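Colleague: Fold the following for me, if possible:
(chains A and B)
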Amino acid sequence: MHMADALLAPAVAATMYVASGTAAGISIHKLKKEDDPAKLPTMAVTAALVFAGQMINYTIPGTGSSGHMCGGMLLSALLGPQAGFLSMVVILTIQCLLFGDGGLMALGANIWNMAFYGCFVGYYLIWRPIMQGKLFAGMGAKAGQRARIILASILGCVITLQLGAFSVVIETSLSGITELPFGAFLALMQPIHLAIGLVEGLITAAVLVFVYESRPELLRDVDTSDKAVSAKRSLKATIAILAVVVLVVGGGLSLLASGNPDGLEWALFGNAEEGYSENMGLDEESFGVSSAAADTAGAIQEKTALLPDYAFPESESAVGTSFSGVVGSALVAGVAVLICLAGGFFRKKKAGA
Amino acid sequence: MNKMEKALHELAEMDELAAGTSPIHGLCAPAKLLTTIAYIAVVLSFGKYQLSGLIVMVLYPVLLFQISGVSVGSFFYKLRIVLPLVMAVGLFNPIFDRRILIQIGTVGVSGGVISMLTLMIKGVFCLMASYLLMATTPIDVLCAALRKFHLPATLVTLLLLTYRYIGVMTEELAVMTEAYALRAPGQKGIHVSAWGSFLGQLLLRSMDRAEELYNSMLLRGYHQHFHYAPVKKCTGKDAAFFLGCTACFLLLRFVDLAQLLGSLFVR
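Modeller: Predicted coordinates for the structure are as follows:
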């Protein structure tokens, strides 16, 4: 899910930097308030572990394919959302700087897509409500706890990864650099990340259950006493929260994916254009009914017809048009080659001397 | 050599590169960091059909590669994972954008092809710039520079510690996977049944390690923040590098050098 620099417009990249920077600032502030300096090395080592863990590929039985984990949920379950978020920030920064995984300008967006959802949304809306709830209480204290961990891990990974994938699509579309239609891109991204999220959820659940069995005190919001779980939130409240999350995420995403990509595309791109602002006022229902999910091909065709109206700059500024531009580019390439040759020449001379 | 050992090797390679002694290595880290950011911002701001203007931007990485003596081959080796991704997304442009923009002889080149090329080149250039930064600047010097820009100490310390510990954890992992592979010959990856205990075991070990690490840090006088070794001060030369480069970037952004050069020869 790491986005490359070339996919993002500077304005989008900067916005995402501000958003992620704010989240990081709040996290740092909160950690400072907690004043637990011993946490820093723990964070560093767990971050290093997740980083290393991302390198092992797991066989997915039956499919012949493999996946690797991402780690946001795992980190926030172990360290808490703020510390987990900062650890993810560091992991993504190192990946970007040393392995070229995701661009430097796109770092803000990548942090948002992979760390923010996994840590904050995953922790506050999924992990904590489930862990503090009374779900599976009938299974006995320990078995219930285990079941809750598994449920929270899988649900958390799937939902946060879906949100992340959705953000990738939005950021790419807003940047307007690729011609990929919004709906088609969305239809590609969401199902793939559903599978990845499931695998990651299973891995996270397996690790956390192992930790729970051997050292439960390491996990956040897990009742380590052997007594019955003291619930701060009732089952009803938990289910209500979960239902809202599932409704918003599931309903929202499926609506966007299958409803009318065109309408959304217009809403996204057409704001500045006079002609389209009217279209945004169209009755959404009649619009959506006419363009069914199956008619994606037709929708794409319709869009290619629309594209020239707003996506193309005036040919004056499209420097690529003229032949002299091509010749000049070739000359620049020649100069670059000359620099290379000269550099090699001087270095050889130095080595010889 | 398994995957983990290869990654370790690559990390060590970067450290070695960063310890070089070229004029670029000698520049102060804040100047290099700012120049890299300026370069990436300018490259990204080119429009999707401004291919000829964008191509001129190749001069900066080419010059830096040459002066610093970092091999271009090592860069492309690192890029092998990322490049297909950028290309895969750009591939759709020629399909959706078919307006002919240039005629070369009888062959018409559509806007989609141009914007695809622009996208790929942008990706490569941005990666080159950040690779050059990392290959000419040791990580601790870079962290000290980040502190100079008043990035929160917590974040910078975490970055440095994590970087140092990636090597240790990867080594541990390499040993564990090697042992696993030896006991499960002919099996790709790690079987489902071992997922939890494998990573969990590693996690517990690393947590213990973190505690020891923290205790030893305390014994050596650690108190909330690191003291970085005195970093080279930024001089006029560094400022000149940053200002000169940024001025050139802006000039190349607004004046299409390729177009100008070409028009000298072609009418």
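Colleague: Where does residue A:177 sit, in terms of helix or strand?
Modeller: In this assignment (DSSP states H and E), residue A:177 forms part of neither any helix nor any strand.
Colleague: Pull the contacting residues for it.
Modeller: Counting by CB atoms under 8 Å, 6 or more residues apart in numbering or on different chains, residue A:177 touches A:6, A:7, A:8, A:9, B:48, B:115, B:119. In this view, the C-beta of every residue, glycine as well, is placed from N, C-alpha and C.
Colleague: nearest residue to the last one other than its sequence neighbours?
Modeller: Excluding its sequence neighbours, the residue lying closest to residue B:119 (CB to CB, 6 or more residues apart in numbering or on different chains) is residue B:90, at 4.0 Å.
Colleague: low-confidence ranges in the chain?
Modeller: Assuming you mean chain A. For chain A, applying pLDDT under 70 flags the ranges A:55-70, A:223-330, A:332-333, A:340, A:343-353.
Colleague: To clarify, I was referring to chain B.
Modeller: B:1-2, B:82-83, B:85-89, B:104-105, B:224-231, B:267.
Colleague: can I see the domain layout of it?
Modeller: Domains of chain B are assigned by automatic domain parsing as B:20-137+B:235-267, B:139-232.
Colleague: hey, which of those is tucked in deepest?
Modeller: domain B:20-137+B:235-267 (a mean of 19; mean count of other CB atoms under 10 Å in any protein chain shown).
Colleague: coming back round to it: my read: the residue nearest to residue B:119 touches residue B:122, true?
Modeller: No: between residue B:90 and residue B:122 there is no contact under CB atoms under 8 Å: 9.5 Å.
Colleague: Spit out the residues that contact the two alike.
Modeller: Joint contacts of residue B:90 and residue B:122 (CB under 8 Å, 6+ apart) are residue A:6.
Colleague: about what we covered before: distance check, the residue nearest to residue B:119 against residue A:166.
Modeller: Residue B:90 is 21 Å from residue A:166, where distance means CB to CB, to the nearest Å.
Colleague: likewise residue A:184?
Modeller: Applying CB to CB, the value for residue A:184 to residue A:166 is 14 Å.
Colleague: the more surrounded of those two?
Modeller: More crowded of residue A:184 and residue A:166, by other CB atoms under 10 Å in any protein chain shown: residue A:166, with 21 against 18.
Colleague: nearest to residue A:46, of the domains of chain B?
Modeller: With CB to CB as the measure, domain B:139-232 is the member of the domains of chain B nearest residue A:46 (6.6 Å).
Colleague: tell me how far the ends of that closest one are from each other?
Modeller: End-to-end span of domain B:139-232 (CA to CA, to the nearest Å): 14 Å.
Colleague: now the strands for the stretch 1-150 of chain B?
Modeller: B:100-104, B:107-110 (DSSP state E, counting those that start in this stretch).
Colleague: can you tell which of those strands is closest to chain A?
Modeller: Closest to chain A of those, according to CB to the nearest CB: strand B:100-104, at 5.4 Å.
Colleague: Paired strands for that closest one, with orientation please.
Modeller: strand B:107-110 (antiparallel) (DSSP bridges).
Colleague: residues in contact with the strand it pairs with?
Modeller: B:94, B:97, B:98, B:99, B:100, B:101, B:102, B:103.
Colleague: Using CSV, write down the CA coordinates of it.
Modeller: These are the backbone C-alpha positions of strand B:107-110, laid out as CSV (Å, rounded to 0.1, in the frame of the first residue of the first chain):
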residue,chain,number,x,y,z
VAL,B,107,3.7,8.0,-35.7
GLY,B,108,1.4,9.9,-33.4
VAL,B,109,2.2,10.0,-29.7
SER,B,110,-0.9,10.3,-27.5
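Colleague: gap between residue B:232 and chain A?
Modeller: Residue B:232 sits 20 Å away from chain A, going by CB to the nearest CB, to the nearest Å.
Colleague: Which of the strands of the stretch 1-150 of chain B sits closest to residue A:43?
Modeller: strand B:107-110 (50.1 Å).
Colleague: give me every residue that touches the residue lying closest to residue B:15 once chain neighbours are set aside.
Modeller: Excluding its sequence neighbours, the residue lying closest to residue B:15 (CB to CB, 6+ apart) is residue B:138, at 7.1 Å. Neighbour list for residue B:138: B:15, B:18, B:19 [criterion: CB under 8 Å, 6+ apart].
Colleague: Would the longest helix that chain B contains count as contacting chain A?
Modeller: Across chain B, the longest stretch assigned as helix under DSSP state H is helix B:153-183. Yes: judged by CB under 8 Å from any CB of the partner chain, helix B:153-183 comes into contact with chain A at B:154-155, B:157-159, B:161-166, B:168-170, B:172-173, B:177.
Colleague: Helices along the stretch 1-150 of chain B, start to end?
Modeller: B:3-18, B:23-26, B:29-45, B:51-56, B:59-68, B:72-79, B:83-90, B:93-96, B:111-136, B:139-148 (DSSP state H, counting those that start in this stretch).
Colleague: Turn those into a markdown table, including distance to residue B:193.
Modeller: A markdown table is the format used below for the helices of the stretch 1-150 of chain B (distance: least, CB to CB, whole Å):
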| stretch | distance to residue B:193 |
| --- | --- |
| helix B:3-18 | 21 |
| helix B:23-26 | 49 |
| helix B:29-45 | 45 |
| helix B:51-56 | 51 |
| helix B:59-68 | 48 |
| helix B:72-79 | 35 |
| helix B:83-90 | 32 |
| helix B:93-96 | 45 |
| helix B:111-136 | 39 |
| helix B:139-148 | 38 |
